[in-house]
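Chemist: Provided below are the primary sequence and the corresponding predicted coordinates.
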Amino acid sequence: MIFDENSQPHQGQPVIEKGKAIKEAKAAVILIHGRGATAESILTLAGEVNLPDAAWLAPQASKYTWYPYSFLAPIEHNEPGLSSGLKVVGELIEKIEDAGIPKERIVLAGFSQGACLSLEFAARNPARYGGVVALSGGVIGPQVENDRYQGSMNGTPVFLGCSDYDHHIPEERVHESAVVFERLEAEVAKKIYSGLGHTVNVDELNHFRNILEQVIYSG
């Protein structure tokens, strides 16, 4: 499949902000919604995590979808949406850094398609982030291509939470994604929940909160 590399469907879409203003915050969270959802809907997690010193930024995907097919489809089938979505994340990181918050105080997080996008961005752009929180997600592509992921996360905490049976996210890909980040020298925590389904539970939110607390209150 040939796609127009200049096509950027997600550039220029709204970014909803919640919590502290970036210039006043001790940490920032880039929170990425799932397929068919909205930036406003994923920001309900900010209220669940409930840490007032964080700035929350949630980008909106064009037509509510970051890429059209399963995250396990061939990469080229999900273009140009995938590349455009990854570019959105990179642009938000630059915006946050320009406001004075370094990468080590930025947490990348998402649910479902948003979790996949968060993991894929971090694995392709390894650095010391504040954390990566993937709620029902895995790295993208029909197989894990380790050549695409080179560098070091320098001890970045990475949390992967998922059900043992999820119509959208095979458990095996969660395990494979954990291995990717271990190889990239992240501090990986992985939880597989029996019978959870495609949703978020309290334990996952606690892991999310713990990572963000470490960022806000350390140093």
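Modeler: Arrived safely, thanks for sending.
Chemist: burial count for Asn146?
Modeler: Neighbour count of Asn146, defined by other Cβ atoms under 10 Å: 13. To be clear about C-beta, it is placed using only N, CA and C from the backbone, and glycine gets the same treatment.
Chemist: repeat that for Asp98.
Modeler: With other Cβ under 10 Å as criterion, Asp98 counts 9.
Chemist: quick check: it vs Pro59, distance?
Modeler: 16 Å (Cβ to Cβ, to the nearest Å).
Chemist: repeat for Gly114
Modeler: 9 Å.
Chemist: now do Ala37
Modeler: Ala37 is 12 Å from Pro59, by Cβ to Cβ.
Chemist: looking at those two, which has the bigger crowd around it?
Modeler: Of the pair Ala37 and Pro59, Pro59 is the one with more neighbours under other Cβ under 10 Å, namely 23 against 19.
Chemist: what's near enough to touch the more buried one?
Modeler: By Cβ atoms under 8 Å, 6 or more residues apart in numbering, Pro59 lies in contact with His10, Gln13, Pro14, Val15, Ile30, Ile32, Ala39, Val88, Val89, Leu92.
Chemist: sorry, back to before: any residues in contact with both of Gly114 and Pro59?
Modeler: Contacts common to Gly114 and Pro59, judged by Cβ under 8 Å, 6+ apart, are Ile32.
Chemist: ok so, going back, closest to Asp166 out of the contacts of Pro59?
Modeler: Distance to Asp166, by Cβ to Cβ, is smallest for Ile32 among those, at 17.6 Å.
Chemist: surely that closest one and Glu120 touch.
Modeler: No. Using Cβ atoms under 8 Å, Ile32 makes no contact with Glu120, being 10.6 Å away.
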